[in-house]
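Undergrad: Please work out how this folds:
(2 chains)
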Amino acid sequence: MSRRFSASLLALLAAGALAGCATMPASGRVTVRDDHNQHEPFDDPYLRILPVKPQQGWSPDEVVNGFLTAMASFDDDHSALKDYLATGVRWNPGLRPKVTVLDEVQVPVADTKEGDTSTVVQISGKKLGMILESGQYSAEDEKTFSESFTLKLVSPGRWRIAEAPESLLLKQSDVERAFRTINLYFFAPDERVLVPDSVFLPLVNKSDLPSQLVKSLLEGATPWLNPAVKTFFPRGTRLKGDRVRVENETATVDLTREAATGPIKQMSAQLMWTLKQLTDIKQLRLEIDGRLQRPNDKDAQEPGDWQAFDPDMSTSGTATRAYMIDGGRLASYNGIDSQRVTSFESTPLLTPAVSLTAEQAAGVSPDGRQLIVGRLDSARPRPALTVPKGSRLLRPSWDRAGNLWIVENKPTGSALWLLRPGQVQAVQQEWTGLSGYRLQAIRVARDGVRVAVLVTADNKNEIRIGRIDPTSAVEPLSGFRPINASLASLTDLAWLNADTLAVLGSADAPDTVAPYEVPISGGSAIQIGSTGLNGLPKTISASAPNQPILLGLDSAAKGPKFQVCSQKISEEDSRFSSWELCKPGSAPTYPG
Amino acid sequence: MNKALRTLRRIVRGVWRRSYVSWRRSIQVRVVTTTLLISAIVVVVLGVFLMTQINASLYEGKSKAALQQLDEGLNLIEKDAPTGPTADPTADLEKLGKELETRTGSSGQYEVYLRDPTHNLYNAGFVTNDLRASSVPDRLQAELARTQLTKTRGASKVTVFGEINYLNKPDVPGLIVAGQWGPYELYYLFPLDQEQNTLAIVQRTLVGVGAALVLLLAAIASVVTRQIVIPVRLAAQSAERLAAGRLEERMKVRGEDDLAKLGRSFNDMATTLEEKIGELEGLSHVQRQFVSDVSHELRTPLTTMRIAADMLYDHREDFQALVSRSAELLQSQMERFESLLADLLEISRHDAGAATLDAESVDIRDLVLAAAGDVEDIAERKGSKLVLQLPGEACMAEVDRRRVARILRNLLFNAVEHGDGKDIVVTVAADRDAVALAVRDHGVGLRSGEAQMVFDRFWRADPSRARTIGGTGLGLSISREDAQLHGGWLQAWGERGVGCQFRLSLPRVAGTELRGSPLPLVPAEVELTRAFLTDLEVSE
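TA: Here you go, the predicted structure:
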């Protein structure tokens, strides 16, 4: 073989290889990427406002305007604020500041005369609520708010703020821009499930977020939820080195040695559930005083390890079969057909509720005055409570422990009854918080710690979230606080998952009631499903996760007046799901 | 320190010399090195060219995409921006910012900075994610403002490369494009770290592939040259062996290529050479045999003639004067003929390789004294004086007494004949391995080049000069053969007008190889004068 021949062969091969490299594939096998990433609030891109430095010759009101803008900037530890403060005035609100949320701030033009060296600018606006240091948001009902800023002339043409305000004053748009809600996870008192605690965290920077979350978790639950939950971190536990290290999607949390006395599994579960909300964290390594803890004989824990503590109880074997009223009788419903429950064959019911274990059912008699409780498999149901004429019972709600919570609407106000497991008759409970209002619905969350109610107050109904406080023997339900839902004509609600409610209401026109997703942290409501409901929804029921939402409909079309419609689940977004499979029946319900 | 430096320098020099030597000696090293060098240069040039091409196309693509993005953003502003004055310009700006932000996605492909300095006095605009406003260089803003002034309609666009700063990330190089629509200034910042990574990967790959390619080429060159060099080396070895006299040496021939042709030609040459040399050897053998036979055959008549001549000579007084003179002449020429014949026989014995060494331990001084005694008479007649410089202790050596005595006699007679009546110095010296004796005369000396010729048979320095003592012209040749038979040397030195010196060096033990001589070939006093003259020249 001559050398020239081999050289030309080589050249040919090289040319072929090069030509192969230079082309993009124009055909090929279909590849599937299984991506189950949840979309978390911190994944979205966000916007930051850039403050300006106060300009020479600004009037006092301009300085106040600039100061208000600067307060909305969290960059570099609020460094923008410094330029507005007179020398000697120090103010650093920190990373977890107390925030007053305002709407429509007015800054009046200051009238300063020649020669004035100090002046006061009083701004006014509507106060929407407060974000506390713990991150808890408490809505306040649009009270007027005013704050006075004292300004000093530090040199000609330079007015500066002489006294720092007590809290950051932010407009609602600023809060929406700069804060995100995120859950901290604590244990329910029975230590079997985790309960999310929604807090507001400033979007200071993404890389510091894991540390922020862990530090907030170690500080404990917000004052509102604190009495009802347990944390397993021993008192005084801190984050060692003040930082959570994240490498290759693995977060390493190093706790101080106080944590050594705490139970590793529970602490890990709390940390894992809290941190897994960040998309870039897939694994957790827990260290105590630098020593790696291996609760599952694994160095790195994964979210699946602690799935048993799911607040939605998706794994703990709770029943997911739906029930409904078909022809006035309780029937089970598999999404296509309904089948009457034999033990309730002779008991007409109006609104049923099935216990989470699907062993027991309760319901209100057609006259609304009697609560009937019975086992699904055997024995005749029997009344557990009868209320006097004029009162009506609401659909009762089971909690995880098997307690049945019943609300009686009296002509003036309401009363709370509780049927504990094994008891024959329901017992009335102390009920100070809401006894003056009439309620439209009560639902206990699946974690058994939180309660959502629909309250009619001052001719306006609103959603309130309360907690079940096991330590208080006298008043088990307390701490009701409204959540911001810009919805009217609220009709019914259900827990969609641990931090979202499915609510029937209307956003604009009062007569078009539709189902909405309402985050309990107080975000904006999102409509579930496209329109096209042929009638007025009356009741809603939901079961987590991945079960279709069921609606009880007052049909406007021909055919049966009452219909049950189920949601066709869309993978993408609940907004794009449609309603279908409408069947005759009413009051559909999932266990709970 | 100094020492270490020196050691280092020595090592470097050693390595350099060694590589230079192998460069000079080995075709393979030369070919491989050249291939390495040239292919490295080609690969580097190609690599640089490729890198610049890839660089250019990457940045061009990015710039195009960036400008498209900017166009899109500006269109969006044009569509959604309020046309008249509004109550809350900050909210308007934020709304636009939000719309632009939702288009960025969470992939972090680019960041947006939007500002409206005319209507928003209390803020400097909005940025996405962790971008710092300082990423937008002042010159870009100034340029944007300038182009906006000169432009009457539409949006102006400016592009620049710069550092993109983040709140809590390290800076990355980036491409910044800016455009203005109405009061709105829109900046898109594209980090180029991905591109940089790609380039780094490409560069690493190129370097790796290039290095591999160069090494591969060198290996190929090495293999190919080996195929050439090994047969060439074998041929060289064969040629060396042939040169050393092993005429039966042949190359192995395989195949029909160029090298096989070389081998075949070599073998043909060797065969021819062997034949010719064999022929010549045969011829010279016949010749030597002839000389030897002739000498032997001459001997018998010569003996008869000799007896007759002797008888004539003994009775010369009985003859007339003329006849008596003839008898004397006959006698002396008879003697000369006899010695010539003896010498011829001797040398033919040497030529035939029949000369044998009859070695015994002898004190060289005794031999010198004996020879000096023989020559003394003739020397005195010539007017020369023999000066003997003998060492005090015995100079024992295993030699053939007869042969060494003959050498001595020859040298002394030679010195007397050419000594011009001046002193003749005989020096004897010995060291551990060898003994040497030098015979120095101060006669006419030798011309340059004659020092070798003196040992040729029948050579004469001056053909016109008559032989006075009657040497046969074979004495020095025989002496040299004798010396070589001992494994020793017989060398001559001579200079016109200064005289000659003959040096005989012999190993102390017969048969051992001689490494050096205890005496210098050039007499010490001549060497000294020469050095003195050179010094004089230098000092002048």
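Undergrad: what does chain B put close to chain A?
TA: Within chain B, the positions adjacent to chain A are B:90-91, B:94, B:97-98, B:101-102, B:104-106, B:115, B:121-131, B:133, B:167-169, B:224 by C-beta under 8 Å from any C-beta of the partner chain. Backbone N, C-alpha and C define where each C-beta goes, glycine included.
Undergrad: Please check those residues and keep the buried ones.
TA: Neighbour counting over the residues of chain B next to chain A (16 or more other C-beta atoms under 10 Å in any protein chain shown) leaves B:90, B:94, B:97-98, B:101, B:104, B:115, B:121-131, B:133, B:167, B:169 as the buried ones.
Undergrad: Filter these down to just the ones in helices.
TA: Secondary structure from DSSP state H places B:90, B:94, B:97, B:98, B:101, B:104 of these in helices.
Undergrad: can you list the residues you listed in CSV and add pLDDT?
TA: CSV is the format used below for these (pLDDT from 0 to 100):
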residue, pLDDT
B:90, 86
B:94, 88
B:97, 89
B:98, 87
B:101, 84
B:104, 76
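Undergrad: Any buried residues in stretch B:402-415, and which?
TA: Neighbour-count burial for stretch B:402-415 flags B:403-415 (criterion: 16+ other C-beta under 10 Å).
Undergrad: Tabulate the CA atom coordinates of that stretch in CSV.
TA: Output in CSV follows, covering the C-alpha atoms of stretch B:402-415 (Å, rounded to 0.1, in the frame of the first residue of the first chain):
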residue,chain,number,x,y,z
ARG,B,402,68.7,-11.4,17.9
ARG,B,403,66.0,-9.3,16.3
VAL,B,404,66.4,-6.4,18.8
ALA,B,405,70.2,-6.5,18.4
ARG,B,406,69.6,-6.3,14.6
ILE,B,407,67.3,-3.4,15.0
LEU,B,408,69.8,-1.6,17.1
ARG,B,409,72.6,-2.3,14.7
ASN,B,410,70.5,-1.0,11.8
LEU,B,411,69.6,2.2,13.6
LEU,B,412,73.1,2.9,14.7
PHE,B,413,74.6,2.2,11.3
ASN,B,414,71.9,4.4,9.8
ALA,B,415,72.7,7.2,12.3
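Undergrad: Contacts for it next, please.
TA: Here stretch B:402-415 makes contact (C-beta atoms under 8 Å, 6 or more residues apart in numbering or on different chains) with B:357-358, B:362, B:364, B:367-368, B:370-372, B:374-375, B:378-379, B:384, B:386, B:424, B:426, B:437, B:439-441, B:443, B:469, B:471, B:475-476, B:478-479, B:482-483, B:485-486, B:490, B:500, B:502, B:504, B:506.
Undergrad: Residue A:327: neighbouring residues, count only.
TA: For residue A:327, the tally of surrounding residues (other C-beta atoms under 10 Å in any protein chain shown) stands at 11.
Undergrad: Next up, phi/psi of it, please.
TA: Main-chain torsions, residue A:327, degrees, to the nearest 10: phi 60, psi 30.
Undergrad: just to revisit the earlier point, among the contacts of stretch B:402-415, which are in helices?
TA: Counting by DSSP H, the members of those that fall within helices are B:364, B:367-368, B:370-372, B:374-375, B:378-379, B:475-476, B:478-479, B:482-483, B:485.
Undergrad: Could you tell me which ranges of chain B sit under the pLDDT cut-off?
TA: For chain B, the stretches with pLDDT under 70 are B:1, B:105-108, B:151-155, B:461-471, B:537-540.
Undergrad: where along it do the strands fall?
TA: Shown for chain B, the strands assigned by DSSP state E span residues B:111-115, B:123-128, B:156-164, B:172-181, B:184-191, B:359-363, B:386-389, B:396-400, B:424-430, B:434-441, B:489-495, B:499-507.
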